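Undergrad: Got a predicted structure plus its sequence, pasted below:
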Amino acid sequence: MSTTILAIESSCDETSASVCIDGKILSNIIANQKVHEQYGGVVPELASRAHMQNIVPVVDAALSTANCQLSTIDAIAFTQAPGLIGSLLVGSQFAKSLSLALNKPLIAVHHMQAHVLANLIAEPKPTFPFLCLTVSGGHTQIVVAHSPTQLEIIGETIDDAAGEAFDKSAKMLGLPYPGGPLIDKHAQNGDPKKFKFAEPQIQGLDFSFSGLKTSVLYFLRDEKLKDENFIENNVDDLCASVQFTIINILMKKLKKATEQTGIKQVCIAGGVSANKGLRNALKEYGEKYNWQTFNPAFEYCTDNAAMIAITAYYKFLAKDYADLSVTATARAEW
């Protein structure tokens, strides 16, 4: 007998719904919010309002694309944490209402665990145990996936995330929001070793990116005093150098994790895993150190309901359900 999951993701500024049958994704609908671009970042109140406008048509489109009826759904899944609390509440209350109305099990999903399991959506898939470098706007973690339901964080950022380092560096360079993808685009035409920026020396497998941001800030300040057009004249090389530094920090720690754990199945996940430079670096390290490497398709890197659905599928098999008293949480430990 097949298992059909309807999943909802609303942790930040994408409203997404997905239908999954027996671990196969049949639909993954995402509504983006353009309203935040003029403000240079996500405005939580505006994000919440947009989710309320988008959630019904997005869920309807997911069901229609999957050629599925609400009556055939076996469970309703939603992102419980972490994220913007107003955004999370829209998705969680909608999912709870559906669960109550349909009398179907409710499954609460941790957003960062779902990013890791996005690597299980399509072939080729890693085998357990595997390592995953999860890199997003708010999180940078190295995770050991012992099984779909047993994930262990062995390293994480002690301050800013890599995605923040990309976006804030982009802002210093005068690039519009969201700046991370634009750094990646400019970096394709630049010299990654033209300018040198600080690489914080943090013990163990933890990360730090605050020192890098400060290094970029002061470097640009000093160079603009000499040449007010310095950024405009060197934007490709600056982007390439910033990107090279961030990726170097990430990959050094990931290599250290493989040495400490002995695990050679290595994945990346999260919004920054769509970065071409990072994907190329993973491939190069894999070839050099004999890793088997994996990365999700681009559509499963950024926030999406397909990763919530695949995670919920494994939680359903384990009968890991939530009751209606479950609450959305802006921050949540694993």
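TA: Okay, I see it.
Undergrad: contacts and neighbour counts: CA atoms only from here.
TA: Fine.
Undergrad: Contacts only, for Ile183.
TA: By Cα atoms under 8 Å, 6 or more residues apart in numbering, the contact set of Ile183 is 166, 170, 239-240, 243.
Undergrad: Please identify which of those is nearest to Asp227.
TA: Within the contacts of Ile183, the smallest distance to Asp227 is 17.8 Å, found for Cys239 (Cα to Cα).
Undergrad: doesn't Pro181 make contact with the closest one?
TA: No: the pair Cys239 / Pro181 is not scored as a contact, 10.5 Å apart, by Cα atoms under 8 Å.
Undergrad: Looking at these two, which one has more neighbours?
TA: More neighbours surround Cys239 than the other of Cys239 and Pro181, with 29 against 19 (other Cα atoms under 10 Å).
Undergrad: And the more buried one, how far from Asp160?
TA: Note on Cys239: its distance to Asp160, by Cα to Cα, to the nearest Å, is 19 Å.
Undergrad: Now Gly155: which helix or strand?
TA: Element membership of Gly155, judged by DSSP states H and E, is strand 150-156.
Undergrad: next helix or strand past that strand?
TA: helix 162-172.
Undergrad: That following helix - what's its average pLDDT?
TA: In this model, helix 162-172 has a mean pLDDT of 94.
Undergrad: List the buried residues for it?
TA: 162-171 (16 or more other Cα atoms under 10 Å).
Undergrad: want to throw those into a markdown table with distance to Gln201?
TA: Shown next, in a markdown table, are those (distance: Cα to Cα, whole Å):
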| residue | distance to Gln201 |
| --- | --- |
| Ala162 | 15 |
| Gly163 | 19 |
| Glu164 | 19 |
| Ala165 | 16 |
| Phe166 | 19 |
| Asp167 | 22 |
| Lys168 | 21 |
| Ser169 | 20 |
| Ala170 | 23 |
| Lys171 | 25 |
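Undergrad: Show me where the stretch 51-200 of the chain has its helices.
TA: 85-102, 111-117, 162-172, 180-187 (DSSP state H, counting those that start in this stretch).
Undergrad: Looking at the ones you listed, which one is packed in the most?
TA: For the helices of the stretch 51-200 of the chain, average neighbour numbers computed from mean count of other Cα atoms under 10 Å are highest in helix 111-117, which has a mean of 26.
Undergrad: Distance from that helix to the middle of the chain?
TA: 8 Å (Cα atoms, centre = their mean, to the nearest Å).
Undergrad: Check which helices and strands it sits against.
TA: Where contact means 3 or more Cα pairs under 8 Å, 6 or more residues apart in numbering; DSSP states H and E, helix 111-117 is packed against strand 75-81, strand 130-135, strand 265-269, helix 305-317.
Undergrad: Please convert these to TSV, extending it with mean neighbour count, mean pLDDT and distance to Asn119.
TA: Supplementary listing: the helices and strands packed on helix 111-117 in TSV, determined by neighbours: other Cα atoms under 10 Å; pLDDT from 0 to 100; distance: least, Cα to Cα, whole Å:
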stretch	mean neighbour count	mean pLDDT	distance to Asn119
strand 75-81	29	98	18
strand 130-135	27	97	9
strand 265-269	26	98	7
helix 305-317	27	98	9
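Undergrad: What residues sit buried inside the longest helix seen in the chain?
TA: Taking DSSP state H as the criterion, the chain has its longest helix at helix 230-261. Going by neighbour count (16+ other Cα under 10 Å), the buried part of helix 230-261 is 230-231, 235-247, 249-251, 253-255, 257-258.
Undergrad: now Ser136: how far from Met251?
TA: Taking Cα to Cα, one finds Ser136 at 15 Å from Met251.
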